[in-house]
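K.L.:
Provide a 3D model corresponding to the input given below.
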Amino acid sequence: VSVGQTGPTDPAASEGAGGSEAGCDAEEIRGSAGAKALIRDLPRHAELYWMLIAMLQRAVGERASPKIQTWAPLLAMVVTDLAFSQGLVAAMEERDEQHIKHSRFAEACTAVIDGYTRCLPPGVGC
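P.N.:
Residues are numbered from 1 along each chain as shown. Next up, the predicted model:
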């Protein structure tokens, strides 16, 4: 097992971790021989998904986020590392296109960008 494969993919387990190295103690990571490998590894599918969901929640709030979260698979059109089937994404895209006045894809993308920019330190722009 490589160091980059640690951490849960279960959403309930990663929620309590606050988006950090889920299931890993910070001291354990710093003291391990594979710490550099862990830092360099790219996030896996579940980690990317929950990171995007956290950005959505930060942007639209806890109460409004479940409505937009259901459309999160549409983000696979721009974040290609998300593990959603092409059939699911295509069906959701088709359904979203039927609503001319309200694009849920645009809403999800905007919320992710807004959530990301809210995490930036003051005075730093994109």
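K.L.:
same for the longest helix along the chain, what does it pack against?
P.N.:
With DSSP state H applied, the helix covering the greatest number of residues in the chain is identified as helix 45-60. Taking 3 or more C-beta pairs under 8 Å, 6 or more residues apart in numbering; DSSP states H and E as contact, the helices and strands that helix 45-60 lies on are helix 11-15, helix 65-69, helix 104-117. (Each C-beta comes from the backbone N, C-alpha and C, glycine too.)
K.L.:
Minimum distance to Ala83: which of these has it?
P.N.:
For the helices and strands packed on helix 45-60, the distance to Ala83 is smallest for helix 11-15, at 13.1 Å, taking C-beta to C-beta.
K.L.:
mean confidence score for the closest one?
P.N.:
Averaged across helix 11-15, pLDDT comes to 40.
K.L.:
try stretch 98-113
P.N.:
Along stretch 98-113, the predicted confidence averages to a pLDDT of 91.
K.L.:
And the contacts of that stretch?
P.N.:
Taking contacts as C-beta atoms under 8 Å, 6 or more residues apart in numbering, the residues outside stretch 98-113 that touch it are 52, 55-56, 59-60, 68, 71-72, 74-75, 77-78, 93, 96, 126.
K.L.:
if we go to 10 Å?
P.N.:
Residues lying outside stretch 98-113 but in contact with it, judged by C-beta atoms under 10 Å, 6 or more residues apart in numbering, are 51-60, 64-65, 67-75, 77-79, 92-93, 95-97, 126.
K.L.:
sorry, back to before: next, format the helices and strands packed on helix 45-60 as JSON lines and append distance to Ser85 and mean neighbour count.
P.N.:
Putting the helices and strands packed on helix 45-60 into JSON lines (distance: least, C-beta to C-beta, whole Å; neighbours: other C-beta atoms under 10 Å) gives the following:
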{"stretch": "helix 11-15", "distance to Ser85": "18", "mean neighbour count": "13"}
{"stretch": "helix 65-69", "distance to Ser85": "18", "mean neighbour count": "15"}
{"stretch": "helix 104-117", "distance to Ser85": "17", "mean neighbour count": "18"}
